[in-house]
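K.L.:
okay, predicted coordinates and the sequence, questions at the end:
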There are 2 protein chains.
Amino acid sequence: MFSLEEGASFWNQSLTWRIFFASMVSSFTLSVVLSSYHLHPGQLTYSGLLNFGQFESLSYEFFEFPIFLLMGGIGGLLGSLFNHINYKLTVFRMRCINKKWLKVIEAAIVAMITATIGFGMIYFLDDCKPLGKDPTKYPIQMHCHDGEYNAVAAIWFQTPEASVRSLFHDPPGSHKAVSVGLFFALYFLLSCWTYGLSVSSGLFIPTLLTGAAWGRLIGMGLEFVWPNMARSLVLFGWANPGKYALVGAAAQLGGVVRMTISLTVILIEATGSISFGLPLMIILITAKWFGDYFNEGVYDIHIQLSGVPILPWQPPPLSNNIYASEIMSHPVVTFKTVDSVGYIVDVLRKETYNGFPVVEPSSIPESGSKSFGMFRGLILRSQLIVLLQNKVFNESPEVWKSMNFNMKLFQDAYPRYPTIQQIHVSQQERNFTIDLRPFMNRSPYTVQHSASLPRVFRLFRALGLRHLVVVNGTNEVSF
Amino acid sequence: MFSLEEGASFWNQSLTWRIFFASMVSSFTLSVVLSSYHLHPGQLTYSGLLNFGQFESLSYEFFEFPIFLLMGGIGGLLGSLFNHINYKLTVFRMRCINKKWLKVIEAAIVAMITATIGFGMIYFLDDCKPLGKDPTKYPIQMHCHDGEYNAVAAIWFQTPEASVRSLFHDPPGSHKAVSVGLFFALYFLLSCWTYGLSVSSGLFIPTLLTGAAWGRLIGMGLEFVWPNMARSLVLFGWANPGKYALVGAAAQLGGVVRMTISLTVILIEATGSISFGLPLMIILITAKWFGDYFNEGVYDIHIQLSGVPILPWQPPPLSNNIYASEIMSHPVVTFKTVDSVGYIVDVLRKETYNGFPVVEPSSIPESGSKSFGMFRGLILRSQLIVLLQNKVFNESPEVWKSMNFNMKLFQDAYPRYPTIQQIHVSQQERNFTIDLRPFMNRSPYTVQHSASLPRVFRLFRALGLRHLVVVNGTNEVSF
């Protein structure tokens, strides 16, 4: 679902099926490995690595919806702030930190500062609780008196997953507001700094942790403001700071990555509470709307910065008056149905295009006609290179005699075609000609030069095209 | 997911999003209604109507995979048998049972026979068990001694959902093999007879029940053949007849409807056991493969019988040598860019086409050229009817004067256009002409007459097209 929503600009149904099957196989393999790890090999019931713990009774009331909406909005704002800072940081990194040793140094600095901040917070914040009521598994004494444990260290000294679980499930009163608040502020900045560093690090869990921190803070605030209401409604699960931690986590993640379907599903799966689906969805939509007002999702920002050609879901707005002839690649380079080897080699060396329209020059030269000639087909760079490599020239008929195995020639070369620089063509061969007609694609997709941008966009996206030839009213390749 | 896999021949991403949101809202509404029904209004944790009960520990071992595969195969065979019988029955119904009163009589006959068979089975089969071990909620004495209950009646006298739940979860030994076996045979035939009857009846639950019956029978058989093995492995959940009932239910349903993704998800949701996902998937694929060898899924059969135009996922196999010119609609009917009102009216009355290519007749009449003229655009039946209705003729210039609100004309008529029979055109007006150029779609999608069927198929399916004009190498509409 993640790849469907975020990663692909072309999709077809069989891909759905393949991805679903692959997920099932990976889940099965994980189960096999985990069952061996837990010393019950072959008993295949272990599933999932990411689990934030099941909420016992995650109920909600109608009057909580405005609070959810508000928190969704906050998530959108904080998410867009995160994206903005990270965007600036990434641009700075691309400009200034482009040596390998600089990247190592940057990573080391971030690690040092993170550790310092963590220890500093544990040291300077006095959040000690008596042992026994400790919700974490391994209580840490650290700077506390004997018989006490350090609640701040309990958050910092777990894996982030476990910290998220703590913030979701710790009973009310486990943390001081000031520790959670400071933790949120520092972790927000640190995770923003870390994402995009030259280390393999994630985004989901740190963002969820940031969100869980401010969400829990809001839950604690609600309890503080309306203590009686909270107490009378505690049976219904209201003012459960853990629930608000989940809401905050969803809102923050939604604000940063701007996905809705897959995030709803991931959060439902990780918390095992299908009945909380609609609130989660509404929170994620609100976060997306608020965030989209300022900038794009963090993945889209990074995709754009990396220069990856990906098409969004919809054509750009207000593009109905832009025509195919205006957005097509310039200059148009075409080959004639029978063209000279020298010209083909020169074009392939000079241009970077991967597909070329093949035209038949009009017999009647029309003055003022902006056209290369009648469109006949499309030939790919790789095909031309195979033809040149095998010297399939009109002037070398012995090659033609043995050319009944057309397909084999191309299949053998697939998929590692040589570059044009690796092809040697002698001076004599440059005057030879190639007949492209037996090899070209004779009926590729085309559009009229008067087709609008949305129409062209839909063709590219729905069919997963790489080349689309723009022709005029008489099927001639347009300038 | 069901509609994605089975119901649609055109899909786009925003549909995914809308369907997901609609599902969430419906789940929310259900939760609101159920919470009021259970006297906790506003407490929104009630979810789902269809629930076959959670399996406590649905584990499986490697050596069970061959059994699953075998059962998947059986499901495929039984499913294709079901589809074949139902196909013949549906054809018979379309031919012979075409009066309303006949349909009522058929439904009444089926109801009577079903009831008779149910009571007959309860009466003639002696499957009485002592009370107290009864797994059903309301034990029925029926023809049994005092202090006993009738195990056959326990299956027949529940809703089918509850019967499925019983077969999944009743402890081993709750049923005699002969009762389950006979129940399967009779229910298979009855459900096949019922589907397609002129009553609102389902397919999922009866098919699941049939499958659960033979699946449980196999589970009981396994226990009978290898009792020691079963006993030593009972800890691991092996030889649990309920598990095999689930496997049989999945295989049978997979064999009948031939879906994989959505069925896996539905069965995982209805039993709450994600760890059983891969076996379910493998069972469903096996059932699909076996079944597809004989015929199509029951929905596809009914779609075809009803004459609904739906495109499958993939183009038909071995269709690479079929060209667009061979499969396009014949005869081709075109309009000239400026055509006479009389001709347009006559064509609209005679033909049923909804879209017409607009051509410009070639100025140089070429002998032997099989073409109507240069392709200029596409005009829809509805547009022509609006033009005729508003008398937008070249000879009535006063209309043209006020024609700056082109769009409004068409928007007002949308979506209930009159038929051509409702349009009155006088004898004088028949000689008038209409200029179609301002109204037609000037750059619709086209294909070359030499494009292959798969290429045309992909255009139709990926873009959700209704009309596609076939043109020749010089952009003239082909014959």
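P.N.:
That came through fine.
K.L.:
burial count for the closest residue to A:Tyr417 other than its chain neighbours?
P.N.:
Closest residue to A:Tyr417 apart from its sequence neighbours, by Cβ to Cβ, 6 or more residues apart in numbering or on different chains: A:Ser382 at 4.6 Å. Where you see a C-beta, it was placed from the backbone N, CA and C, and this is true even at glycine. A:Ser382 has 17 neighbours, counted by other Cβ atoms under 10 Å in any protein chain shown.
K.L.:
show me what contacts A:Ser382?
P.N.:
Counting by Cβ atoms under 8 Å, 6 or more residues apart in numbering or on different chains, A:Ser382 touches A:354, A:410, A:413-414, A:417.
K.L.:
so which of those belong to helices?
P.N.:
Judged by DSSP state H, helices contain the following of the contacts of A:Ser382: A:410, A:413.
K.L.:
now render the contacts of A:Ser382 as TSV, adding neighbour count.
P.N.:
Listed next are the contacts of A:Ser382 as TSV, based on neighbours: other Cβ atoms under 10 Å in any protein chain shown:
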residue	neighbour count
A:Asn354	10
A:Phe410	17
A:Ala413	16
A:Tyr414	9
A:Tyr417	18
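K.L.:
just the contacts of A:Ser382 now: which is nearest chain B?
P.N.:
Nearest to chain B among those, counting by Cβ to the nearest Cβ, is A:Phe410 at 16.4 Å.
K.L.:
the closest one and B:Ser166, how far apart?
P.N.:
61 Å (Cβ to Cβ, to the nearest Å).
K.L.:
so where's chain A uncertain?
P.N.:
For chain A, the stretches flagged by pLDDT under 70 are A:9, A:12-13, A:41-49, A:56-58, A:133-137, A:227-239, A:272-274, A:362-371, A:397-406, A:479.
K.L.:
can you list the domain ranges for it.
P.N.:
Per automatic domain parsing, the structural domains of chain A span A:1-49, A:51-306, A:324-478.
K.L.:
mean neighbour count, those domains: which tops it?
P.N.:
Among the domains of chain A, domain A:51-306 has the highest mean neighbour count (mean count of other Cβ atoms under 10 Å in any protein chain shown), at a mean of 19.
K.L.:
now the domains of chain A as a markdown table including distance to B:Gln158?
P.N.:
Below are the domains of chain A laid out as a markdown table (distance: least, Cβ to Cβ, whole Å):
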| stretch | distance to B:Gln158 |
| --- | --- |
| domain A:1-49 | 29 |
| domain A:51-306 | 26 |
| domain A:324-478 | 48 |
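K.L.:
what about these, which gets the closest to B:Lys103?
P.N.:
domain A:1-49 (36.5 Å; Cβ to Cβ).
K.L.:
from the chain's centre, how far out does the host helix or strand of A:Leu378 sit?
P.N.:
Element membership of A:Leu378, judged by DSSP states H and E, is strand A:371-380. Distance of strand A:371-380 from its chain centroid, counting by Cα atoms, centre = their mean, to the nearest Å, is 36 Å.
K.L.:
close to chain B, is the longest helix anywhere in chain A?
P.N.:
Criterion DSSP H: the longest helix present in chain A is helix A:65-96. No: residues of helix A:65-96 contacting chain B under Cβ under 8 Å from any Cβ of the partner chain: none, with a closest distance of 10.4 Å.
K.L.:
for that helix, packing partners?
P.N.:
Contacts defined by 3 or more Cβ pairs under 8 Å, 6 or more residues apart in numbering or on different chains; DSSP states H and E place helix A:65-96 against helix A:177-194, helix A:204-225, helix A:241-257, helix A:277-294, helix A:298-306.
K.L.:
what ranges does the stretch 301-450 of chain A have for its strands?
P.N.:
For the stretch 301-450 of chain A, the strands defined by DSSP state E, counting those that start in this stretch occupy A:335-336, A:338-340, A:355-360, A:371-380, A:433-435, A:446-448.
K.L.:
show me the contact partners of the next helix or strand after the last one.
P.N.:
Translated: strand A:446-448. Going down the chain from strand A:446-448, the next helix or strand is helix A:453-463, by DSSP H and E. By Cβ under 8 Å, 6+ apart, the residues outside helix A:453-463 that reach it are A:9-10, A:311, A:315-316, A:319-320, A:322-324, A:327, A:445, A:447, A:465, A:468, B:12, B:443, B:445, B:458-459, B:462-463.
K.L.:
same thing with stretch A:304-323?
P.N.:
Contacts for stretch A:304-323 (Cβ under 8 Å, 6+ apart): A:9-10, A:87, A:90-91, A:94, A:296, A:300, A:303, A:449-454, A:457-458, A:460-461, B:13-14.
K.L.:
give me that answer again for 6 Å
P.N.:
Identification of contacts with stretch A:304-323 by Cβ atoms under 6 Å, 6 or more residues apart in numbering or on different chains yields A:9, A:90, A:303, A:450, A:452-454, A:457, A:461, B:13.
K.L.:
and stretch A:248-268, by the same measure?
P.N.:
A:1-2, A:5-6, A:71-72, A:75-76, A:78-79, A:82, A:207-208, A:210-212, A:214-215, A:274, A:277, A:280-281, A:283-285, A:287-288, A:291, A:297-299, B:20.
K.L.:
between the two ends of it, how far is it?
P.N.:
14 Å (Cα to Cα, to the nearest Å).
K.L.:
now swap in stretch A:426-436 and tell me
P.N.:
Using Cα to Cα, one end of stretch A:426-436 lies 20 Å from the other.
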